[in-house]
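Trainee: Okay, sequence plus prediction incoming.
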Amino acid sequence: MKSSRSSSYRQRTSSPLWPSPPSSSLTIKLLFAFFFLAIGFGLGIIKGHHIKSSTVSRSSSSSSSSLNLPAPPVKKAKPMIEARAGFKRYMKPTDIMHGMSDGELFWKASMVPRIKKLPYHWFPKIAFLFLTKGEIPLAPLWDKFFKGHGGLYSIYVHSDPLFNGSVPIGSVFYGRRIRSKKTRWGHVNMMDAEIRLLANALLDFTNERFILLSESHIPLFNFSTVYSYLMGPTIYIESYNNMPGPTGRIHYRNKMGPVIRPEHWRKGSQWFDMDRKLALEVISDEKYYPEFRKHCKLCVAHEHYLPTMLNINRWRNVENRSLTWMNWSKNEYQPARFSGDEVTIEFLKKLRHGRSCKYNSMETRVCFLFARKFLPNCLGRLLELSPIILGFG
Ligand SMILES: *[C@@H]1O[C@H](CO)[C@@H](O)[C@H](O)[C@H]1NC(C)=O
Ligand SMILES: *[C@@H]1O[C@H](CO)[C@@H](O)[C@H](O)[C@H]1NC(C)=O
Ligand SMILES: *[C@@H]1O[C@H](CO)[C@@H](O)[C@H](O)[C@H]1NC(C)=O
Ligand SMILES: *[C@@H]1O[C@H](CO)[C@@H](O)[C@H](O)[C@H]1NC(C)=O
C-alpha cells in the first residue's frame, strides 16, 4: 500500500520536471535511474511518517456521528502545517477571484482524486456559501460566530456583480467574494449561482460540507455545535411532492418529459446542506440540469432541481428537512422578515428548540442550525443576546 502510493506520487510529480532522458549514452540513463531510486526512497520514508500521523488525527474528528445533542466542542485544527508549498496550493487554491469561466471552473472542480485519504494531517472543513445581493449587514455576528475556529471553515460569497461595497479587512468575509453573475429570483440563473458557489468550494479539497446561506441568515448555535452536527453521514435537503390541488406541479414543464417526468417532480427549500459527493454530482450533472436550463428558465429551479434530481437518483442518507428556520405563515410567497424589536430571548429559544425531529434516527429538539430572514436592524439585539442564548460572542 505504502510503496504503491509513493510510486504513483513520484510519477506524477516527476514527469513534468524530469522528461525521459534523451537516447544518448547508457551511463546517463543509468544515472537517471539511480537518481529516481534515491528520490523515491526518500519520499517513501517521508510519506510513511505522514500517513501514520494523518490516520491518528483523522479518527479524532469523525467520531461524532452517533451524537446526542448538545454537541461536544471541537478541538482546534492545525491546518496542514506539514504540506509543502506546491501541494498546499493544489489542495486549496489561494486566488478565490480566479479568471476561469463557468465551463472551465466546473470542469476543474469535477476532478476527483482516486486515493481517498489525503497524504497530510487535516481536518474536514465546512464551506459556508453566501448567496447575497450586496452587503452582509449581519457580518459582525458571523465574525463572532467564526472567531477562534480558523482551519475548520471556508467562506464563499456570490453577490450581484454590480455590487461595489467593501468589506473591512478584519472580517471573515474579507476577500471571499467569487466571480459572480446577475441572478433573479425564480430564474434558472439563481440555481446557476448556487452551482457556481459549490464549484468554487470544491476546488478546496478539504471542504467536506457545503451549506447555502443568505445575507439575512443568522446562526442559532455556536460553531462547535454546528460543526459536530454536520460531521455525520446525513445531509439535509427538504423534498416534498406537492401534487394535490390544482397548483400542484405548476412549475413543471412538459418539455422536460422524457428525462424528467411529472412523477419525478419535487419541491423543497432552497437552503441546502450537502456533502462532497452530492456537490460533485450537482456540478457535473450533464443529464438533468441541462433540462432545467433549457426548459425551466423561469420556473423556480432553485426550489425544484435538487429535490427532483435526488428523487430520480434515489439519493441516500438525505434527511428530508432544511436546517434553516423560516416562518411562512405571514405571507404565502415570502417568508416573514424579522426586525430588531422582535428579537427576544423567548423568540430565539423557540427557534433553537421549538420543534422536534430525527437526528441520526434519534429524537432531538435541535432541528434548525440557522434562521432567516433577519433585517439589518436586528444586529444590535443579536450581538447583545448571542452570548446569553446562542452560545457565542
Ligand atoms: C457604487 O455603485 C453605485 C451605484 O450602484 C454608484 O453610485 C457609486 O458611485 C459606486 N461607488 C464606487 C466607489 O464605485
Ligand atoms: C457551544 O455550545 C454548547 C451548548 O450549546 C456548549 O456546550 C459549548 O461549550 C459551546 N462551545 C463553546 C466553544 O463555547
Ligand atoms: C418530506 O416531508 C414532507 C412533510 O414535510 C412530506 O410531505 C414528504 O413526503 C417527505 N418527502 C420524502 C421524500 O419523504
Ligand atoms: C409565524 O408567524 C405567525 C404570525 O406572525 C405566528 O402566529 C406563528 O406562531 C409563527 N410560527 C412560528 C413557528 O413561529
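Mentor: Alright, I've got the coordinates. Note that this is a predicted model, so its numbers are computed, not measured. Numbers count the residues shown, from 1 in each chain. Ligands and ions are numbered 1, 2, ... in the order given.
Trainee: Strands of the protein, start to end?
Mentor: Counting by DSSP state E, the chain has strands at residues 125-131, 153-158, 207-214, 218-219, 235-236, 273-275, 318-319, 324-325, 357-359, 362-364, 370-371.
Trainee: Can you lay out those as a markdown table showing distance to ligand 4?
Mentor: To be clear about C-beta, it is placed using only N, CA and C from the backbone, and glycine gets the same treatment. As requested, the strands of the chain are exported to a markdown table (distance: least, Cβ to the nearest ligand atom, whole Å):
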| stretch | distance to ligand 4 |
| --- | --- |
| strand 125-131 | 24 |
| strand 153-158 | 29 |
| strand 207-214 | 19 |
| strand 218-219 | 15 |
| strand 235-236 | 18 |
| strand 273-275 | 20 |
| strand 318-319 | 19 |
| strand 324-325 | 8 |
| strand 357-359 | 14 |
| strand 362-364 | 17 |
| strand 370-371 | 10 |
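Trainee: how about these in JSON lines, adding mean pLDDT and mean neighbour count?
Mentor: Shown next, in JSON lines, are the strands of the chain (pLDDT from 0 to 100; neighbours: other Cβ atoms under 10 Å):
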{"stretch": "strand 125-131", "mean pLDDT": "98", "mean neighbour count": "24"}
{"stretch": "strand 153-158", "mean pLDDT": "98", "mean neighbour count": "22"}
{"stretch": "strand 207-214", "mean pLDDT": "97", "mean neighbour count": "23"}
{"stretch": "strand 218-219", "mean pLDDT": "98", "mean neighbour count": "24"}
{"stretch": "strand 235-236", "mean pLDDT": "97", "mean neighbour count": "23"}
{"stretch": "strand 273-275", "mean pLDDT": "98", "mean neighbour count": "22"}
{"stretch": "strand 318-319", "mean pLDDT": "96", "mean neighbour count": "20"}
{"stretch": "strand 324-325", "mean pLDDT": "98", "mean neighbour count": "24"}
{"stretch": "strand 357-359", "mean pLDDT": "93", "mean neighbour count": "15"}
{"stretch": "strand 362-364", "mean pLDDT": "93", "mean neighbour count": "12"}
{"stretch": "strand 370-371", "mean pLDDT": "98", "mean neighbour count": "22"}
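Trainee: The ones you listed: which one's closest to ligand 3?
Mentor: Of all the strands of the chain, it is strand 318-319 that lies closest to ligand 3, at 8.0 Å by Cβ to the nearest ligand atom.
Trainee: And the closest one, what does it pack against?
Mentor: strand 235-236 (3 or more Cβ pairs under 8 Å, 6 or more residues apart in numbering; DSSP states H and E).
Trainee: that older thread, so which of the strands of the chain is nearest Gly165?
Mentor: Among the strands of the chain, strand 153-158 comes nearest to Gly165, with 11.3 Å by Cβ to Cβ.
Trainee: okay, now Pro376: neighbour count?
Mentor: By the criterion of other Cβ atoms under 10 Å, Pro376 has 14 neighbours.
Trainee: Now do the contacts for the residue nearest to it when sequence neighbours are not counted.
Mentor: Counting by Cβ to Cβ, 6 or more residues apart in numbering, Pro137 is the residue found nearest to Pro376 once chain neighbours are left out, at 3.5 Å. When the contact criterion is Cβ atoms under 8 Å, 6 or more residues apart in numbering, the partners of Pro137 are 215, 376, 379.
Trainee: Mind checking which of those residues land in helices?
Mentor: Leu379 (DSSP state H).
Trainee: Could you save the contacts of Pro137 as a markdown table and add columns showing pLDDT?
Mentor: Below are the contacts of Pro137 laid out as a markdown table (pLDDT from 0 to 100):
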| residue | pLDDT |
| --- | --- |
| Glu215 | 97 |
| Pro376 | 98 |
| Leu379 | 98 |
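Trainee: Just the pLDDT for the residue in the stretch 201-350 of the chain that ligand 3 sits nearest to.
Mentor: Proximity of the stretch 201-350 of the chain to ligand 3 (Cβ to the nearest ligand atom) peaks at Asn320, 3.6 Å away. With respect to pLDDT, Asn320 scores 95.
Trainee: How many residues are close by the residue lying closest to it once chain neighbours are set aside?
Mentor: Leaving aside its sequence neighbours, Asn320 sits nearest to Ser239 (Cβ to Cβ, 6+ apart; 5.6 Å). Counted with other Cβ under 10 Å, the neighbours of Ser239 add up to 19.
Trainee: dump the residue contacts of whichever residue of the stretch 101-250 of the chain sits closest to ligand 2.
Mentor: Closest to ligand 2 within the stretch 101-250 of the chain is Asn222: 3.7 Å, counting by Cβ to the nearest ligand atom. Residues near Asn222 by Cβ under 8 Å, 6+ apart: 145, 390-392.
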